[in-house]
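Visitor: Here's my sequence, what's the structure:
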Amino acid sequence: QVKLAESGGGLVQAGGSLRLSCQVIGGNINNWAMGWFRRAPGKEREFVASLSRRSGQAVYADSVKGRFTISRDNAKAMVFLQMDSLSSEDTAVYFCARARSTTYVTAKDENEYNYWGQGTQVTVSS
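Guide: Okay, here's the model as predicted:
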């Protein structure tokens, strides 16, 4: 059974940084695109970033482009999200996910993922 576990969330002041980690347990990530999503209070879950299996291609939501960086360590089955210049609008529960198919280079639609973590809370105080 593949499970994902996020960590690294917390409370940070506006303008600060956080680095989220996602550990994949019971499986590997070598052949799958990986992604990060978030759900802000009262909103639907939205795409944040996705990275191809060899880290050659990354895509980001416009709202985080230039501030967030997704990376991965296939040997450790881990994915990371470096978040800089945080604002209150980034407050959300952040989820990592593994793509449903090995054919995806990257994936922006949550329906393209079939393994999800439980999420980690990020709160940015203004």
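
Visitor: Any buried residues in stretch 99-115, and which?
Guide: The neighbour-count check on stretch 99-115 (16 or more other C-beta atoms under 10 Å) flags 99, 100, 104, 106, 107, 108, 110, 112, 113, 115 as buried. C-betas here are computed from N, CA, C, even on glycine.

Visitor: Sort out for me which of those are in helices.
Guide: In helices, judged by DSSP state H, none of the buried residues of stretch 99-115 are found.

Visitor: Would you check that residue 37 makes contact with residue 44?
Guide: No: using C-beta atoms under 8 Å, residue 37 is not in contact with residue 44, being 10.0 Å away.

Visitor: What is the nearest of the buried residues of stretch 99-115 to residue 65?
Guide: residue 108 (12.8 Å; C-beta to C-beta).

Visitor: so what's the closest one closest to, chain neighbours aside?
Guide: Once flanking residues are discounted, residue 108 sits nearest to residue 47: 4.7 Å by C-beta to C-beta, 6 or more residues apart in numbering.

Visitor: give me the beta-bridge partners of the residue nearest to the spatial centre of the chain?
Guide: By C-alpha atoms, centre = their mean, the chain has its centre lying nearest to residue 36, at 2.2 Å. As for beta bridges, residue 36 partners with residue 49, residue 96 under DSSP bridges.

Visitor: Double-check it against residue 70; I have them as touching.
Guide: Yes: look at residue 36 against residue 70 with C-beta under 8 Å: they come within range, at 6.2 Å.

Visitor: Please identify every residue contacting each of those two.
Guide: Residues touching both residue 36 and residue 70 comprise 49, 50, 79, 81, with contact defined as C-beta atoms under 8 Å, 6 or more residues apart in numbering.

Visitor: What about the last one, how many residues nearby?
Guide: Neighbours of residue 81 under the rule other C-beta atoms under 10 Å: 26.

Visitor: Next: the second one.
Guide: Residue 50 is flanked by 27 other residues according to other C-beta under 10 Å.

Visitor: residue ranges with poor pLDDT in the protein?
Guide: Applying pLDDT under 70 to the chain picks out no residues at all.

Visitor: if we can go back for a sec, now do the same contact list for the residue nearest to the centre of the chain.
Guide: So residue 36 contacts 20, 22, 48, 49, 50, 70, 79, 81, 94, 95, 96, 97 (C-beta under 8 Å, 6+ apart).
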